[in-house]
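In: build the 3D model from these lines:
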Amino acid sequence: METRANYIIIGAFTVAGFLGILGFFMWFTKSEMDQQFAYYDTRFENVSGLGRASDVRFAGLTVGQVVDLGLSESGDGTVRVRLEVAANTPIRVDSIARVESQGVTGVAFVAITSGSTDAPLLKDQDDKVPEITSERSVLQTLAEDAPALFSEALEAVRALQGFLSDDNKRQVGEIIGNLASTSQNLNSTLDDFSSVAAKVGDSIGDIEGFTQQLDGIGKTVDEALAMAESAIVSITEMSDQARETLVTGSQTLESATGAFDVATNVLDTDVRTTLRELEATAATLRGQTETLGTTAENLMVLWSETGQTANSRLQEAETTLARLNTTLESVEGAADQAGILLSGDGARLVAQATEAVAGIARAVEDDLPVVMADIRAATQTARVTMETVGGDLSAASGRIDGLSDDARTTLTTVTDTFSRAQTTLAAMDSALETGQGALSAAERAFNGADKVINEDIEGITTDLRAAIRRLDGALAQVSSDLPEISAGVREAAEAARSAFTGVDAMVADAKPPVADFLSSGLPQYSLLGAEARKLVQTLDTLADRIERDPARFFLSRDVPEYRR
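Out: Sure thing, here's the model as predicted:
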């Protein structure tokens, strides 16, 4: 019984030790019995080095393994790979799966990118096994594109060697020689052009002297135009005064006409009463007949003198009009002569002078005949009235003195009016003479300018034409050499353009793979070197341990003891 009891205890301890060892291994391997997984499919064109139980890494962190590989059911030649990852792995719809290699051993694994944070999770899309988008890795891209890249680089090198052939070198040497000769010709041409420029500078100095002469002439013309403008202003003022004088004369004639009308009305209304009164005083009037006759003779003499004065004033007015017409013709002739050379402000001033003179002429032609007609009508009315008065002197002796005074006052007013008109016309004549003098000065100034233009400008023009002809000759000499130079430069530029086009195409084709290698492949090689160094250090440590105690690794020190 005792022996049997010992076997039971040994068996119990053996089972307990086995369970303890199993638990220790499970703890050591960090196994989780209740872990949950999610499954995803992805498709690759090449899965070299990838097998079942290969690691699956999400953003560099191991989250699962490959559980199945097989050809795609669609028959497109791709390989379907099923991945088993932890259920809490946030794989999104824009995550990308690649086949990457680890370390120098070349162990393949599936790398999954994290994608964007705002994209939805891939496992939430539908009930089927979700599929992750795949693409080639950097190493696969380099491995597949390297042959084409090297062939293109070889073609570019061959094209560059062809560009550097002996013929091209000879052509480049000829181009350089042509450029040197062209530079020499250009230097001589520039020397000729410098001489031409110096001559042109001399011509410009002559032109500046001529411009200074023109400035002096312009000042003289400006002074003449200023004098003409002042004369026109004076003429305008005198025309205004003449209009005012004519208006005053018209008013005076209207007053005289009104006085004569009043006298006529008085004679018509009071004639009968006056006749009755005159019958009573006939005896008295007979005594005064001689006195009245003498007075009448004096009055007739006065009226005769008045008529002569009016006729003389009319003759003076006609003479003044004739002189005014002569002056206007002179002004128009001077304006026609100055109009050939004048433009701008001079033409405008002459036009204003012509308009002012035309206004004066219209005023004289329109208003003066009316005034003269009014004067003639007033004179005729006075004559008729005087005849009536002379016929009725026997009946109107009582009122003859008053009428004589009124007639004398009227004639005095008319005489003053004609005197003022004569003064105004004299002032107008003086102003027109001043304007004639100003236009004569302007004509002399423009004649001087015309002389300068006709005599001096010809020599200046001849010098300019000679300078331009010399400049044309120099430019023609330069132009004759330009086609050859341009042809050589064009050939060199075309050869360089074709060469650089090939180089640019080669660089453009090689740029994406090189950029991809620098962004992804080169860091992988750096990581590969670091892992290689770590592996070498681990192997060195392991070798040291083996050298120190080889029996620890190959032989067990624990000797089993069996006791009863």
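
In: just the strands in the stretch 101-250 of the chain please.
Out: In the stretch 101-250 of the chain, the strands defined using DSSP state E, counting those that start in this stretch lie at 107-112, 131-134.

In: how much space separates residue 91 from residue 83?
Out: 9 Å (C-beta to C-beta, to the nearest Å). For the C-beta atoms, the positions are set from N, CA and C on the backbone; glycine is no exception.

In: how many neighbours does residue 39 have?
Out: Counted by other C-beta atoms under 10 Å, the residues lying close to residue 39 total 15.

In: so it makes contact with residue 81?
Out: No: using C-beta atoms under 8 Å, residue 39 is not in contact with residue 81, being 11.1 Å away.

In: tell me the most buried of the strands of the stretch 101-250 of the chain?
Out: Highest mean neighbour count among these (mean count of other C-beta atoms under 10 Å): strand 107-112, with a mean of 20.

In: quick check, residue 53 in a helix?
Out: No: according to DSSP: H, G, I helix; E, B strand; the rest coil, residue 53 belongs to no helix; its state is coil.

In: neighbours of it, how many?
Out: As a burial measure, residue 53 scores 8 neighbours (other C-beta under 10 Å).

In: excluding covalently adjacent residues, which one is nearest to it?
Out: Spatial nearest neighbour of residue 53, excluding adjacent residues (C-beta to C-beta, 6 or more residues apart in numbering): residue 65 at 5.3 Å.

In: how close does the one you found sit to residue 131?
Out: 18 Å.

In: try residue 98
Out: 15 Å.

In: now could you export just the CA positions of stretch 107-115 as PDB?
Out: What follows is stretch 107-115, C-alpha atoms only, in PDB (Å, rounded to 0.1, in the frame of the first residue of the first chain):
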ATOM      1  CA  VAL A 107      11.500  37.700 -45.200                       C
ATOM      2  CA  ALA A 108       8.300  39.000 -46.900                       C
ATOM      3  CA  PHE A 109       5.400  40.500 -45.000                       C
ATOM      4  CA  VAL A 110       2.200  42.400 -45.900                       C
ATOM      5  CA  ALA A 111       2.300  46.100 -44.900                       C
ATOM      6  CA  ILE A 112      -0.900  48.100 -44.600                       C
ATOM      7  CA  THR A 113      -1.100  51.900 -44.500                       C
ATOM      8  CA  SER A 114      -3.300  53.600 -41.900                       C
ATOM      9  CA  GLY A 115      -5.100  55.800 -44.500                       C
END
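
In: 21 is where my numbering starts, stick with that
Out: All set: I'll call the first residue 21, so the last point we hit is now stretch 127-135.

In: tell me which helix or strand in the protein has the weakest average pLDDT.
Out: Least confident helix or strand of the chain, by mean pLDDT, DSSP states H and E, is helix 365-411 with a mean of 55.

In: got the angle between the biggest strand by length in the chain and strand 127-132?
Out: Scanning the chain for the strand with the most residues, using DSSP state E, yields strand 81-91. Per axes from the mean of the first three to the mean of the last three C-alpha atoms, to 10 degrees, the angle that strand 81-91 makes with strand 127-132 is 100 degrees.

In: got the angle for the helix or strand that strand 81-91 is followed by vs strand 127-132?
Out: Of the helices and strands lying after strand 81-91 in sequence (DSSP states H and E), the nearest is strand 99-106. If you take the same axes, to 10 degrees, strand 99-106 sits at 70 degrees to strand 127-132.

In: picking that back up, which residues are contacting the longest strand of the chain?
Out: With contact meaning C-beta atoms under 8 Å, 6 or more residues apart in numbering, strand 81-91 is reached by 57, 59, 67, 70-77, 97-106, 109, 130, 132.

In: give the contact list for residue 189.
Out: Residues counted as contacts of residue 189 (C-beta under 8 Å, 6+ apart): none.

In: averaged pLDDT, stretch 150-163. What do you get?
Out: Stretch 150-163 shows a mean pLDDT of 82.

In: can you list the residues that contact it?
Out: Residues contacting stretch 150-163 (C-beta under 8 Å, 6+ apart): 60-66, 103, 111, 114-121, 131-132, 142-143, 164, 533, 536-537, 539-541, 544.

In: quick one: mean pLDDT over the helix or strand residue 41 falls within.
Out: For residue 41, the element it lies in under DSSP H and E is helix 22-48. For helix 22-48, mean pLDDT is 81.

In: quick check: buried residues in the helix or strand immediately after that helix in the chain?
Out: Under the assignment DSSP H and E, the closest C-terminal helix or strand after helix 22-48 is strand 57-64. Buried positions in strand 57-64, judged by neighbour count with 16 or more other C-beta atoms under 10 Å: 58, 60-64.

In: same check on stretch 547-558?
Out: residue 548.

In: output that stretch as PDB - backbone C-alpha positions only.
Out: C-alpha atoms of stretch 547-558 as PDB (Å, rounded to 0.1, in the frame of the first residue of the first chain):
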ATOM      1  CA  LEU A 547      16.500  50.000 -42.100                       C
ATOM      2  CA  LEU A 548      18.100  46.900 -43.700                       C
ATOM      3  CA  GLY A 549      21.600  48.100 -42.800                       C
ATOM      4  CA  ALA A 550      20.500  48.800 -39.200                       C
ATOM      5  CA  GLU A 551      18.900  45.400 -38.800                       C
ATOM      6  CA  ALA A 552      22.000  43.800 -40.300                       C
ATOM      7  CA  ARG A 553      24.200  45.500 -37.800                       C
ATOM      8  CA  LYS A 554      21.900  44.400 -35.000                       C
ATOM      9  CA  LEU A 555      22.000  40.800 -36.300                       C
ATOM     10  CA  VAL A 556      25.800  40.800 -36.400                       C
ATOM     11  CA  GLN A 557      25.900  42.100 -32.900                       C
ATOM     12  CA  THR A 558      23.500  39.400 -31.800                       C
END
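
In: what about that stretch, average pLDDT?
Out: Averaged over stretch 547-558, pLDDT sits at 81.

In: how much space separates residue 490 from residue 160?
Out: 75 Å.

In: about what we covered before: which one of the buried residues of strand 57-64 is nearest residue 174?
Out: Nearest to residue 174, judged by C-beta to C-beta, of the buried residues of strand 57-64 is residue 64 at 30.7 Å.

In: ok, that closest one - contacts?
Out: 70, 98-99, 101, 117, 119, 154.

In: 10 Å instead?
Out: Each residue near residue 64 by C-beta atoms under 10 Å, 6 or more residues apart in numbering is listed here: 70, 89, 92, 98-101, 117-119, 130, 154-157, 160.
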